[in-house]
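Enquirer: Whatever this is, show me its structure:
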Amino acid sequence: MPKNHFLYRFIFTFSVAMFLVGTADLHAVTPPSHPYQHELNRIDSLYSCLQPTDIKPSYAAFRDGLVGYYSIEKENKLENNRYLTLIDMSLASTAKRLWVIDLDSMKIVENTLVAHGRNTGVNHAVKFSNRPSSKMSSLGFYLTGATYHGKYGLSLYLDGIEPGINDKARERTIVMHSAPYATQKFVKEHGRLGRSWGCPAVPPSKSKAIIEAIKDKSCLFIYSPVPSYLKKSKYLGFQFDSSGDDLSSL
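Expert: Next comes the predicted model:
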């Protein structure tokens, strides 16, 4: 056999070996892809399109809300899939921390005040509970239900769909309703909103429009970046690995 043949064979074998070593090293340093990377790329694009830009929710609240929305939609639980309602409990009660987003047009159709539970905090929401009689707000994803007329007029049933987090909402009669303590007038007089028994109470001037738009199985998300909630969440827990490390930035 010609000597050149052995030389070529050696060069080929050596090149393949070096390629495999390089590939192994590449995989060793490349972080795992995010399990919802496709949705996150889409969410980035939608957030940039959201209007009006000056009243947008935070990106984190919007991202987590849409990740959950897409999962709930895949479970065929949504009948009113046009609207996503976000409530950001990391903001003070004096902030307009409720958004109703029309996902068809990517426009914010309502942005207003919303109250939290009496035992959740004073101006800031700091404690949350699913326990009956706690008078606290519960975080997580809800499906809106039917309307009814109660003490505060037109009101909206809410069904918590995260086990151990908000699934006792019906038992606790956690509903959306109007309240005179959820107004700018109350803020001017007291320096904060009044508080409910756990219900997301909204201004009387806004309640009918919001309730009529989002009723009948749309997605409502009460957000706060509380690690104990995020790790336990049925829809957002994927952001943490088994050791509890946050993977959301990968």
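
Enquirer: which element is Ser105 on?
Expert: Here Ser105 sits in a region with no helix or strand, counting by DSSP states H and E.

Enquirer: Report pLDDT for it.
Expert: For Ser105, the pLDDT comes out at 97.

Enquirer: OK, contacts around the residue nearest in space to the middle of the chain?
Expert: The geometric centre of the chain, computed from its C-alpha atoms, lies nearest to Gly65 (C-alpha atoms, centre = their mean), at 2.7 Å. Each residue near Gly65 by C-beta atoms under 8 Å, 6 or more residues apart in numbering is listed here: Pro57, Leu84, Leu86, Cys219, Phe221, Tyr223. For every residue, glycine as well, the C-beta is placed using N, CA and C.

Enquirer: And the helices in the chain, which stretches?
Expert: Assigned by DSSP state H, the helices in the chain fall at 3-29, 37-49, 59-74, 184-190, 204-214, 227-232.

Enquirer: count of residues packed around Pro227?
Expert: Neighbourhood size, Pro227 [other C-beta atoms under 10 Å]: 10.

Enquirer: make that Phe186, sorry
Expert: Applying other C-beta under 10 Å, we find 20 residues neighbouring Phe186.

Enquirer: Tell me if I'm right that Cys193 and Ala115 touch.
Expert: In this structure residue 193 is Leu, not Cys. Yes - counting by C-beta atoms under 8 Å, Ala115 is a contact partner of Leu193 at 4.9 Å.

Enquirer: Any chance you could list residues touching both of these two?
Expert: By C-beta under 8 Å, 6+ apart, the residues touching both Leu193 and Ala115 are Ser93, Tyr181, Ala182.

Enquirer: Just name the closest of the residues you listed to Glu79, please.
Expert: Comparing the shared contacts of Leu193 and Ala115 against Glu79 with C-beta to C-beta places Ala182 closest, at 27.2 Å.

Enquirer: The closest one contacts Gly194, correct?
Expert: Yes - assessed by C-beta under 8 Å, Ala182 is found in contact with Gly194 at 6.7 Å.

Enquirer: who's more crowded, those two?
Expert: Ala182 (28 against 17).

Enquirer: Please report how far the more buried one lies from Lys151.
Expert: 14 Å (C-beta to C-beta, to the nearest Å).

Enquirer: before we move on, what about Thr112?
Expert: 20 Å.

Enquirer: Now Ser218. Its backbone dihedrals?
Expert: phi -100, psi 170 (degrees, to the nearest 10).

Enquirer: so how far is Trp99 from it?
Expert: For Ser218 relative to Trp99 (C-beta to C-beta), the value is 13 Å.

Enquirer: Which neighbours do those two have in common?
Expert: Thr85.

Enquirer: what do Ala182 and Gly194 both touch?
Expert: Ala115, Ala201.
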